[in-house]
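Trainee: Requesting a structural model of the entry that follows:
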Amino acid sequence: MKRLQTERLVLRPYTETDFNAFSKMHSDPVLKANTHAKPMNRLQARNLFEGYNEAFSKDGFGMWNVRRRDDDQYAGECGLWYRTELEGYSLRYILQKAQWNQGFSIEAVRAVLADSFTQHGLECVHAIAMHHNNRSVRVLERVGFKQVSDDFRNVLGFNRYKLTNKEWCAGYALPPARGVS
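Mentor: Next up is the predicted model:
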């Protein structure tokens, strides 16, 4: 199974045994409030989970299950999701509340971007963050994303970002993921 590793995290594709934790995370109203999405019931979570797995099977990358290396605890997810509105891949990430304020988001984001740009040759990656989600905005800016718009789908309140492979390689690629296995 393909995996990305960082100093403190392992990112791997989702498996069926991950579904209960996945469903629980996607039903959390606090976490979903930062994504402008509503909490999901199990059927909705199942559809998203299957979509993640199908995309990963098709593309060889996608949304990763983020786990702590020290205890294999489910920390959240991070990866790329194809958005037809952007005609490209968009970075998505969400961490369990217990994992906040430990630097895991930026660590996972860097691993995903390194894999996306170096292993898969993507030319650019998009990202969207609610304007009030300061933690997410800081993560995106720290890894080199530049804001290109203050709306998405003609809805104000979103910051839309873009990062090119060239920008990543010019200054934001460090520290890289420890490796891909």
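
Trainee: just checking, next helix/strand downstream of the longest helix seen in the chain?
Mentor: Scanning the chain for the longest helix, with DSSP state H as the assignment, gives helix 42-59. Using DSSP states H and E, the helix or strand that directly follows helix 42-59 along the chain is strand 63-68.

Trainee: Return the set of buried residues in that next one.
Mentor: Buried residues in strand 63-68, counting neighbours by 16 or more other CB atoms under 10 Å, are found at 63-67. Any C-beta I mention is one placed from the backbone N, CA and C, and that applies to glycine too.

Trainee: Please convert those to TSV, extending it with pLDDT and distance to Pro29.
Mentor: Formatted as TSV, the buried residues of strand 63-68 follow (pLDDT from 0 to 100; distance: CB to CB, whole Å):
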residue	pLDDT	distance to Pro29
Met63	96	21
Trp64	97	24
Asn65	97	22
Val66	98	21
Arg67	98	24
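
Trainee: from these, which is closest to Ala129?
Mentor: Met63 (16.8 Å; CB to CB).

Trainee: so Val148 makes contact with Leu163?
Mentor: No - counting by CB atoms under 8 Å, Val148 does not reach Leu163; the two are 10.1 Å apart.

Trainee: ok, those two, which is more surrounded?
Mentor: Under the criterion of other CB atoms under 10 Å, the comparison of Val148 against Leu163 puts Leu163 first, with 22 against 11.

Trainee: And the pLDDT for the closest residue to that one other than its chain neighbours?
Mentor: Among residues not flanking Leu163 along the chain, Phe145 sits closest, at 4.6 Å (CB to CB, 6 or more residues apart in numbering). Note on Phe145: pLDDT of 95.

Trainee: roughly how far apart are Phe145 and Asn159?
Mentor: 9 Å (CB to CB, to the nearest Å).

Trainee: More neighbours: which of the two?
Mentor: Phe145 (26 against 22).

Trainee: Confirm for me that that one is in contact with Tyr161.
Mentor: Yes - judged on CB under 8 Å, Phe145 makes contact with Tyr161 at a distance of 3.8 Å.
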